[in-house]
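Participant: Predicted model and sequence below, questions to follow.
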Amino acid sequence: MPCHEARLPQTNGPGNPVFERQIPWQSAGVLLSCARRMKLPRFFLLLLPAWALFCPMASAQEQPVLQIEGLRSESEIIRQQTGVTIGSNGVVVRYGTNTVLTANRITLNETSGDVLAEGEITLQNEDQLWMGDRLQYNFKTRQMQAEAFKTGSAPFYVSGLSLRADSTNRTYSSANAIVTTDDAAEPGYRIRAKSLKIVTGKYIEARRATLYLGGVPIMYYPYYRRSLERHPNYFVLTPGYRSLYGPYLMGSYHWSWSTNLDGALNLDYRQKRGVGFGPDFHYDLGRLGRGEFQYYFAHDEDPGTDLAGRPIREDRSRFSFSHQATLRTNLTAKVVVRDQSDAQMIRDFFESEYRENTQPRSFLEVNQLWSNFSLDLLAQAQVNDFFQTVERLPDLKLTAVRQQLGISPFYYEGENSAGYFRFQSASNPLTNYAAVRADSYHQLLLPQTFFGWLNVTPRVGGRLTHYGETEGFGSTLREQDRAVFNTGAEFSFKASRSWGGARSAFWDVNELRHIIQPSVNYVYVPSPNKLPRELPQFDGEIPSLRLLPVEFPDYNAIDSIDSQNVLRLSLRNKLQTKRKDGIDNLANWALYTDWRLKPRRGQGSFADIFSDLDLKPRSWLTFNSENRYDVDNGHWRLADHTATVQPNDVWSVRLGHRYLRSNDPAFSSELGNNLISSRIYYRFNENWGARLAHYFEARDGTLEEQYYTVYRDFRSWTAALTFRVRDNRLGEDDFTVAVTFSLKAFPRFKMGQDRDTPSLLLGS
């Protein structure tokens with residue numbers, strides 16, 4: 001079994017099997033089939049509860065109704081006048097929507113909810129599943145008694161005799177029980193206890209317990225207790241070699257002082273770069289909020305130069321702090337501080353973080369929500385002077401969500417904001433400037449439906465923005481006011497048709513439904529009295545690969561507002577069918593563009609045509625496509641396609657192609673992309689698996705990046721050997737090899753994280 005992959009496959013994202021700890025089983029047959037594939041011994045099949053045994057039970061809702069049905073044609077159900085129902089030859093009992101019991105024979109008291117079930121029992125209660133041969137259970141109180149049981153909820157696996165379950169205090173007790181974290185048919189180690197108590201989500205408590213390695217007793221515990229709330233202390237080591245580092249060893253010691261405080265101490269050695277170290281803290285203060293603190297220092301013996309060619313100092317550091325709290329109902333606050341010694345610090349030592357966010361920002365945000373309004377306070381400063389930043393010192397905004405005005409047919413929405421803004425350049429202080437800005441926007445809407453199917457929403461709005469006199473060398477604009485008027489209307493309807501008799505085993509089709517939704521959104525904004533070039537630009541248009549909004553308040557580039565006389569045309573299609581997981585989209589296609597009735601300078605009559613298409617002809621086959629076509633010049637500006645094949649949990653393939661036109665001013669891209677990618681996963685057997693990933697730039701014929709990972713399952717822990725090669729085009733290739741270890745009891749990575757962020761397997 002591969003590292004970081006568990007034993008029960010689910011699908012999460014395109015192309016690869018990832019694994020859930022809690023499986024919403026659809027039937028007892030599915031569970032039995034899976035258990036047999038896992039090669040569990042017969043004793044393990046005696047009684048399998050849900051994977052959420054150690055999670056709190058759901059609180060009771062309003063009283064559900066008992067429903068009793070036969071499983072087979074020969075099933076018999078006899079209702080007696082005393083309120084007792086006897087069933088045989090296969091019976092299913094449903095209690096509400098979350099509890100289902102099946103058994104060969106039952107005796108049920110419908111008044112009290114007590115049932116005695118015998119023979120091939122399965123009991124599913126929300127996300128809990130039990131199996132066995134004899135069970136006493138109360139549907140209303142959830143009290144349970146079983147002669148024998150077996151449960152597995154990673155990282156703990158428990159079996160025992162005479163189980164008793166008390167839902168009132170969420171406690172399970174058993175005699176002659178076995179506890180292990182070794183997920184195997186024959187555990188390599190286990191603790192055998194005369195008595196065992198499990199408090200769900202809290203702890204396991206064993207008395208008169210003996211530790212066994214194989215069949216040999218090693219140690220006796222008069223009393224043993226294991227917390228289910230936090231991880232114990234443990235080490236994480238990642239040895240490897242990288243051409244930029246030389247041999248390296250990434251190490252961290254993880255500890256837990258209490259349920260509210262845990263952390264890690266990191267100590268890394270890179271032969272060419274030196275030593276790096278620092279602590280991580282994670283805390284939970286209850287009502288006062290939770291957060292994390294991280295610090296890392298490295299004396300870099302070969303730091304190199306920055307993007308401007310200047311030498312980077314040897315002492316390099318990274319500081320990160322975040323805290324968020326709910327101060328009272330609907331009042332939340334969050335503060336984030338990200339400081340680093342140079343722009344390349346995270347790129348050089350924390351590659352996974354760098355790929356997610358190349359320029360981390362620091363801010364304070366406070367938000368108060370009401371039913372129709374929200375008040376937001378945002379303060380943002382330039383903590384790192386090598387990152388361009390618009391400082392907000394602060395920015396206060398009151399938002400009115402779309403809401404009906406009394407009993408009238410009119411709706412209102414609006415935004416009001418005020419703040420002091422300062423543009424801080426990353427390279428040239430002479431371009432910095434600052435100003436006060438106050439903005440107020442209000443809009444009325446009148447939603448109407450004609451002919452029972454046509455939705456028409458006319459609107460009219462206005463905006464007034466005040467700009468104070470700018471300060472700084474970068475701008476010399478005077479105090480001024482800008483007024484903007486806008487109007488328009490949106491027209492849309494939705495039509496559908498169903499084909500109940502449509503069936504196709506090949507395409508996995510069970511009935512069909514087609515939904516079509518065309519819409520036209522007209523937006524008219526006359527030229528404001530102040531054009532964007534006459535105003536300081538704090539919130540301006542940012543080049544985007546997607547089509548920007550044209551309607552207020554979705555269009556939030558306040559300082560770039562200009563005239564608009566445009567029709568946004570869109571057509572959405574969905575083709576749906578029924579599959580085992582519910583309603584599935586065979587096809588989901590959106591096509592949209594803008595028709596500019598009065599183009600501004602530099603604009604054509606039509607914007608680019610955008611197409612977003614998702615196809616799923618089979619549950620294991622998906623195709624995703626995003627395209628952007630330039631109508632005026634007759635060429636593609638963007639094409640992004642992926643195809644994923646995952647027929648089972650043994651193998652999967654994902655192929656992709658991304659084209660981005662070079663020298664496109666809208667994208668700020670000189671070289672563009674013509675990237676072909678592939679990702680292949682194959683599980684050889686229960687213990688071995690492999691994943692390969694390649695990224696080939698067809699523009700210049702360069703294989704930019706290659707990943708090769710071999711996974712090995714060692715029962716109680718897993719390992720991965722990863723080899724990566726990167727072609728930097730300038731200089732020598734960067735190649736890395738690393739070994740990653742992870743305890744199954746306490747997985748190092750989240751589900752699928754090693755697949756989506758493979759650089760984590762290299763320790764960075």
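Facilitator: Received it, and whenever you're ready, just let me know what you need. Numbering: from 1, shown residues only.

Participant: what about residue 264, which helix or strand?
Facilitator: strand 261-270 (DSSP states H and E).

Participant: Next, the buried residues of that strand.
Facilitator: The neighbour-count check on strand 261-270 (16 or more other C-beta atoms under 10 Å) flags 262, 263, 264, 266, 268, 269, 270 as buried. The way it works is simple: take the backbone N, C-alpha and C, and place the C-beta from them, glycine included.

Participant: With stretch 540-560 instead?
Facilitator: 547, 550, 551, 552, 553, 555, 557, 558, 559, 560.

Participant: Would you check that residue 531 makes contact with residue 561?
Facilitator: No: between residue 531 and residue 561 there is no contact, the gap being 9.3 Å when judged by C-beta atoms under 8 Å.

Participant: Between the two, which has more neighbouring residues?
Facilitator: residue 561 (24 against 13; other C-beta atoms under 10 Å).

Participant: does that one really touch residue 526, like I thought?
Facilitator: No: taking contacts as C-beta under 8 Å, residue 561 lies outside contact range of residue 526: 11.2 Å.

Participant: could I get the buried residues of strand 261-270 as CSV with distance to residue 374?
Facilitator: Putting the buried residues of strand 261-270 into CSV (distance: C-beta to C-beta, whole Å) gives the following:
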residue, distance to residue 374
262, 34
263, 34
264, 37
266, 39
268, 43
269, 49
270, 47
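
Participant: What is the nearest of those residues to residue 91?
Facilitator: residue 262 (47.9 Å; C-beta to C-beta).

Participant: Skipping its backbone neighbours, what lies nearest the closest one in space?
Facilitator: Ranked by C-beta to C-beta, 6 or more residues apart in numbering and with sequence neighbours excluded, the top spatial neighbour of residue 262 is residue 256, at 4.1 Å.

Participant: quick check, that neighbour in a helix?
Facilitator: No: in this structure, residue 256 is strand, not part of a helix, as judged by DSSP: H, G, I helix; E, B strand; the rest coil.

Participant: Let me see the confidence value for the nearest residue to residue 346 once chain neighbours are set aside.
Facilitator: Using C-beta to C-beta, 6+ apart and skipping residues adjacent in sequence, the residue nearest residue 346 is residue 354, 4.6 Å away. Note on residue 354: pLDDT of 91.

Participant: Pull out the buried positions in the helix or strand hosting residue 354.
Facilitator: Assigned by DSSP H and E, residue 354 belongs to helix 351-356. Using 16+ other C-beta under 10 Å as the test for burial, helix 351-356 gives 351, 352, 353, 354.

Participant: likewise stretch 519-534?
Facilitator: Buried-residue list, stretch 519-534, by 16+ other C-beta under 10 Å: 519, 521, 522, 523, 524, 525, 528, 530, 532.

Participant: Any figure for the gap between the residue of the chain positioned farthest from its centre and residue 225?
Facilitator: Here the chain reaches farthest from its C-alpha mean at residue 81, the gap being 53.3 Å by C-alpha atoms, centre = their mean. According to C-beta to C-beta, to the nearest Å, residue 81 stands 51 Å off from residue 225.

Participant: picking up where we left off before, secondary structure class for the residue farthest from the centre of the chain?
Facilitator: Applying three-state DSSP: residue 81 is coil.

Participant: which residues in the stretch 551-700 of the chain form strands?
Facilitator: With strands called from DSSP state E, counting those that start in this stretch, the stretch 551-700 of the chain shows them at 564-579, 582-596, 609-618, 621-630, 635-645, 651-660, 673-683, 688-697.

Participant: Indicate which one of those is closest to residue 242.
Facilitator: Distance to residue 242, taken as C-beta to C-beta, is lowest for strand 688-697 among these, at 17.6 Å.

Participant: so what secondary structure elements neighbour that closest one?
Facilitator: Here strand 688-697 touches strand 673-683, strand 702-714, going by 3 or more C-beta pairs under 8 Å, 6 or more residues apart in numbering; DSSP states H and E.

Participant: Return the helix or strand in the chain with minimum mean pLDDT.
Facilitator: strand 17-19 (a mean of 29; mean pLDDT, DSSP states H and E).

Participant: nearest spatial neighbour of residue 708, skipping sequence neighbours?
Facilitator: residue 723 (4.6 Å).

Participant: same question, residue 598
Facilitator: residue 565 (3.9 Å).

Participant: Neighbours of that neighbour, how many?
Facilitator: Based on other C-beta under 10 Å, the number of other residues close to residue 565 is 16.

Participant: Spit out the contact partners of it.
Facilitator: 523, 524, 525, 596, 597, 598 (C-beta atoms under 8 Å, 6 or more residues apart in numbering).

Participant: Please tabulate those in CSV, including the columns pLDDT.
Facilitator: CSV is the format used below for the contacts of residue 565 (pLDDT from 0 to 100):
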residue, pLDDT
523, 97
524, 97
525, 96
596, 94
597, 94
598, 92
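
Participant: As a markdown table, these with distance to residue 497 would be great.
Facilitator: Below are those laid out as a markdown table (distance: C-beta to C-beta, whole Å):
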| residue | distance to residue 497 |
| --- | --- |
| 523 | 32 |
| 524 | 35 |
| 525 | 38 |
| 596 | 34 |
| 597 | 34 |
| 598 | 38 |
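
Participant: Quick check: which ranges of this structure have low pLDDT?
Facilitator: The chain contains residues with pLDDT under 70 at 1-63, 125-130, 148-156, 166-170, 182-185, 200-201, 227-232, 665-670, 745-746.

Participant: can you pull out the helices in it?
Facilitator: Using DSSP state H, the helices of the chain run over residues 28-37, 345-349, 351-356, 753-756.

Participant: If you drop the residues flanking it in sequence, what lies closest to residue 748?
Facilitator: Closest to residue 748 by C-beta to C-beta, 6+ apart is residue 742, at 3.8 Å.

Participant: Number of residues surrounding that neighbour?
Facilitator: For residue 742, using other C-beta under 10 Å, the count is 17.
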